[in-house]
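Participant: The following comprises the amino acid sequence and a computationally predicted model.
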Amino acid sequence: MTLHHLIPARATALGLTLAASAVLMLGGCASNAPMPTAQMAVAEAAVQQANSSSTAEGAPGELQVAIAKLASAREAVAAKDYDRATRLAEQAQVDAQVAELHAQSTRSRKAAQESQDAARVLREEISRKTPR
């Protein structure tokens with residue numbers, strides 16, 4: 001073999017060694033945080049409740065954000081990145097609650113508008129029936 005053939009083989013071996021070392025070092029940097037079982041359960045329940053109520057109609061954007069963050073939290077758990085999983089689960093829980101509150105606010109505004117419209121109609125009827 002000539003020197004020309006050895007250089008690519010050594011470069012490849014060196015590259016693989018460096019890549020493996022980087023993976024091992026990154027794995028060593030992973031936190032020792034415990035698996036966020038309780039936080040995941042709370043987030044799952046919050047998203048499920050938001051999804052089962054009329055939130056999907058009243059705040060679909062916020063609900064989708066919560067669902068996406070919960071999915072990312074599940075992926076982080078699978079990757080054993082428990083700090084990230086905890087953070088995402090907490091965010092999913094809050095986003096689900098925000099979605100529910102936004103939907104509730106929308107329903108309340110709609111009900112208030114309907115009440116105002118009904119009151120206006122009654123006032124108009126009364127004013128028509130009252131002799132002048």
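Facilitator: Cool, the structure landed. Numbers count the residues shown, from 1 in each chain.
Participant: Give me the phi and psi for residue 34.
Facilitator: Phi and psi for residue 34, reported as degrees, to the nearest 10, are phi -70, psi 160.
Participant: Just give the nearest non-adjacent residue to it, would you?
Facilitator: residue 82 (6.5 Å; CB to CB, 6 or more residues apart in numbering). All C-beta spots, glycine's among them, are computed from the backbone N, C-alpha and C.
Participant: Look at residue 113 and say how many residues are nearby.
Facilitator: Using other CB atoms under 10 Å, residue 113 is surrounded by 10 other residues.
Participant: Now the helix or strand hosting it: average pLDDT?
Facilitator: Per DSSP states H and E: residue 113 is located in helix 82-129. For helix 82-129, mean pLDDT rounds to 93.
Participant: Now do that helix: distance to the chain's middle.
Facilitator: Centre-to-centre, helix 82-129 and its host chain are 21 Å apart (CA atoms, centre = their mean, to the nearest Å).
Participant: now for that helix, which elements pack on it?
Facilitator: With contacts taken as 3 or more CB pairs under 8 Å, 6 or more residues apart in numbering; DSSP states H and E, helix 82-129 sits against helix 37-52, helix 55-58, helix 60-78.
Participant: Please identify which of those is closest to residue 93.
Facilitator: Set against residue 93 and scored by CB to CB, the helices and strands packed on helix 82-129 come closest in helix 37-52, at 4.4 Å.
Participant: Show me which residues of the closest one are buried.
Facilitator: 39, 40, 42, 43, 44, 46, 47, 50 (16 or more other CB atoms under 10 Å).
Participant: Pipe those residues into TSV and attach distance to residue 78 and pLDDT per row.
Facilitator: Below are the buried residues of helix 37-52 laid out as TSV (distance: CB to CB, whole Å; pLDDT from 0 to 100):
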residue	distance to residue 78	pLDDT
39	15	96
40	11	97
42	19	97
43	15	97
44	15	97
46	20	96
47	18	95
50	23	91
